[in-house]
Structures are given as C-alpha cells and as structure tokens.
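[1] from the sequence below, what's the structure:
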Amino acid sequence: MQELINIFAKAVFVENMIFAYFLGMCSYLAVSQTVKTAVGLGAAVIFVLGITVPINFLLENYVLQEGALAWLGPQFETVNLSFLSFIMFIAVIASMVQLVEMIIEKFAPALYGALGIFLPLIAVNCSILGGALFMQERAYSNITQASVFGLGSGVGWFLAIVAIAAIREKIRYSNVPAPMRGLGITFVITGLMGIAFMSFMGIKL
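    Residues are numbered from 1 along each chain as shown. Down below sits the predicted model:
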C-alpha cells in the first residue's frame, strides 16, 4: 500500500506532467481561460490516463514485449512486437478519447461546446502518450501500480490546469503590462509554478 501511495504522490507532485515535463502544454494553455472548461478537460484527462495506462500495460506485457506471447504456446516465445508500441498505444488512446467525447457530448453539451476542438485533441495530447511511455520505461511490476500511476498523472495534470485557470481568471482584474497580457503572463506564471513544484523533489518517497 505504501508503494502505491508513493507512486501516486510522485505522479501528482514530483513528476507532474505539466510542471516537471511540460507535457500537454497546448491544451493546458488554450483551455485554461476559465475554471469551468479547465475542470471539464482536466476530468477528461484523468479518465483517459486512468483507463489507457493500464490497458497499455496489459498490451505491453502480454502482447508487445519479446516473449510476451508465450501464453499462446512455445512457438511464440521468441516473437517480439515491441516495434508496434507507438501505434498500439496511440490506437488505445484514440479509442478512449472518442469514448470520452461521446459521453461529454451526450451528458454535458454545454461543456462539449466550450471545449470545442480541444476535446478530440486529447488524442494527440503528449501527456497522454507520455503516461504510457513513462509506464513502459519504469516497468511497473503489476497493473495496479500502472493504474495508480496513470490516475496520479491525470490528477497532477488536472491540478495544474485548474490552478492556472483560477489564476488567469484573477489576473484579468490586475494591471498587467500590455505586452505581457494573455499568453505572456501565463508562461511566466507557469514557469514560477514549475519552480514551486520543484520543491516537491525534496520529498523522500
């Protein structure tokens, strides 16, 4: 249990997708103008990461790795399909994003309209693919660890986009110099938040 808590805490704070790796910056910057849309997109990212990382873990360990197909018979023990990793990971992500898009369109049409083109763009959000590739690189020993990592990564991304959206709503009433308004001040604030999140690296997990 302690190990799972460590994986979750590291994914949320120490190895935050936005502030540690700056992955998924396109939608982070574009959809963070209001808290409402940020919450919607952040929840969608949590769902997609929480589903795709464990699915890709199963694909990696039971289909793609060298010898992963041994369960089919001894003649498959030398088969190595790892060269298909990117294609398979992206196919899983695209399928899950399509599912999320259909659900939001059905049950929250106002949010669907507010998110616009950025909802299907979750499929090419590098933080989603990054979650699958980090899972592959770190070679988690079981699907529970992979699921906790995916969920933690999604929660970290959610916190990042909601935080910047709340700040952007507040600074509309601030006297920001004209050349810095919009994305300029957002980049500055994101950099400062990234520096602040670096303090979590001192936590010994």
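[2] from the contact counts, what lies against the lowest-mean-pLDDT helix or strand in the chain?
    Lowest by mean pLDDT, DSSP states H and E among the helices and strands of the chain is helix 109-115, with a mean of 79. When contacts are defined as 3 or more Cβ pairs under 8 Å, 6 or more residues apart in numbering; DSSP states H and E, helix 109-115 sits against helix 35-59, helix 85-107. Where C-beta positions appear, they are placed from N, C-alpha and C, glycine not excepted.
[3] the longest helix in this structure is where?
    When the chain is parsed with DSSP state H, its longest helix is helix 143-171.
[4] ok, then the element right after it?
    Elements were assigned by DSSP states H and E; along the chain past helix 143-171, the next helix or strand is helix 183-197.
[5] in CSV, list the C-alpha atoms belonging to that following helix.
    Provided in CSV are the C-alpha atoms of helix 183-197 (Å, rounded to 0.1, in the frame of the first residue of the first chain):
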residue,chain,number,x,y,z
LEU,A,183,-0.1,34.0,-23.1
GLY,A,184,2.9,36.1,-22.0
ILE,A,185,1.9,36.4,-18.3
THR,A,186,0.6,32.8,-18.5
PHE,A,187,4.0,31.5,-19.5
VAL,A,188,5.6,33.5,-16.7
ILE,A,189,3.2,32.1,-14.1
THR,A,190,3.6,28.6,-15.4
GLY,A,191,7.4,28.9,-15.1
LEU,A,192,7.0,30.1,-11.5
MET,A,193,4.6,27.3,-10.6
GLY,A,194,7.1,24.8,-12.2
ILE,A,195,9.8,26.2,-9.9
ALA,A,196,7.5,25.9,-6.9
PHE,A,197,6.7,22.3,-7.8
